[in-house]
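[1] Sequence first, predicted coordinates after that:
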Amino acid sequence: MIRTIIIDDEKLARDVIGAYLKDHSDIEIIGECANGFEGVKMIQEHKPDLIFLDVQMPKLTGFEMLELLEEVPAVIFSTAFDEYALKAFEKSAADYLLKPYSKTRFSEAIDKARHKLGNKVGDAHTVSKILSVKEEEAEELNRIVVRAGSKIVIIPAERLDYVEAQDDYVALHSEGKKYLKQITMKYLEQSLPSDEFVRVHRSYIVRVNTIDRLEPYTKDSYVAFLKDGTKISVSRSGYSTLKNILHF
């Protein structure tokens, strides 16, 4: 039996999936969620084999929800938008359903999910592909979602002070608090608003208006003193970029 959860903010969309699944006796619906927050909690509690996932949802998008999961089940996207998900489907074994879809198309997606699960193909690999596609897209990021213990925290870009590279993670510093997230500096450098954030060093991205002053450190480097007293290393190229933006 394949245990599944349906995550979609539209009840009608959940009902359609539920109705179509009646023709597939080997699939059991163990839960439904109307948003990504509920989805994360239910997936952690029930560990489904398969999820049907909308992309554009209030509070938390489908991609943001996937970023918060430690163990990712097989994913069939069910969405009215082809941004990210369609391209993700082209590069992955997970299926993608563009609303509205027929029962025949739905059954094809189920067959692919069965094949995927039967072959025990790691969906974490699939989702890592999906997330890498998301990184390649690098649309402007206006918020970042992180997990802090049992809580999910949404950091608006305007409240992000600076980002610090830490091995395979980055530390997101916001209003005196620090959050770790597994994401690349390159992605953040390309995605955060370019008129607000500058990569001043290979290990630091900083919001420009948090900088209080710059002082020389060595012949080829500087130190940025932030308004809260934090000191950040600034490379020669980072200094040059700041100079162009701040016109000094």
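    Ah, there it is. Numbering: from 1, shown residues only.
[2] Tell me which helix or strand comes right after the one helix or strand Ala224 maps to.
    Taking DSSP states H and E as the definition, one finds Ala224 inside strand 221-226. Downstream of strand 221-226, the next assigned helix or strand under DSSP H and E is strand 231-234.
[3] measure the residue lying farthest from the centre of the chain to Pro73 for me?
    Outermost residue of the chain with respect to the C-alpha centroid, by C-alpha atoms, centre = their mean, is Lys219; its distance is 39.1 Å. Plainly put, Lys219 is 54 Å away from Pro73 if you go by C-beta to C-beta, to the nearest Å. C-beta: built from backbone N, CA, C; applies to glycine.
[4] pLDDT weak spots in the chain?
    Low-confidence segments of the chain (pLDDT under 70): 83-94, 119-138.
[5] OK, contacts around the residue nearest the centre of it?
    Centroid check for the chain by C-alpha atoms, centre = their mean gives Glu64 as the closest residue, at 3.6 Å. Applying C-beta atoms under 8 Å, 6 or more residues apart in numbering, we find Glu64 in contact with 36, 145.
[6] Against Lys219, how distant is it?
    The span separating Glu64 from Lys219 equals 43 Å under the rule C-beta to C-beta.
[7] Please give the element, helix or strand, for the nearest residue to Met42 once chain neighbours are set aside.
    Spatially, and ignoring its direct neighbours in sequence, Met42 is nearest to Gly31 (4.9 Å; C-beta to C-beta, 6 or more residues apart in numbering). Assigned by DSSP H and E, Gly31 belongs to strand 27-33.
[8] re earlier: could you report the neighbour count for the residue nearest to Met42?
    Number of residues near Gly31 (other C-beta atoms under 10 Å) recorded here: 18.
[9] Is it bridged to anything, and to what?
    Ile5 (DSSP bridges).
[10] List the residues that contact it.
    Applying C-beta under 8 Å, 6+ apart, we find Gly31 in contact with 5-6, 42, 46, 48.
[11] Against Gly39, how distant is it?
    Plainly put, Gly31 is 9 Å away from Gly39 if you go by C-beta to C-beta.
[12] which among the contacts of Gly31 end up buried?
    For these, a neighbour count by 16 or more other C-beta atoms under 10 Å gives the buried set as 5-6, 42, 48.
[13] surely His173 meets Arg159?
    No: shown here, His173 and Arg159 do not form a contact pair, counting by C-beta atoms under 8 Å, at 10.1 Å.
[14] between these two, which one's more packed in?
    Comparing His173 with Arg159 by other C-beta under 10 Å, the one with more neighbours is His173, at 23 against 14.
[15] rewinding a little: quick one: the strand holding Gly31 to chain centroid distance?
    Mean-position distance between strand 27-33 and its chain equals 23 Å (C-alpha atoms, centre = their mean, to the nearest Å).
[16] Only the C-alpha atoms, please, for that strand, written as CSV.
    Only the C-alpha atoms of strand 27-33 are listed here, as CSV (Å, rounded to 0.1, in the frame of the first residue of the first chain):
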residue,chain,number,x,y,z
ILE,A,27,-2.9,4.1,-2.7
GLU,A,28,-4.2,5.2,0.8
ILE,A,29,-4.8,8.8,1.6
ILE,A,30,-3.6,9.3,5.1
GLY,A,31,-4.1,13.0,5.3
GLU,A,32,-4.8,16.3,3.6
CYS,A,33,-3.3,19.8,4.2
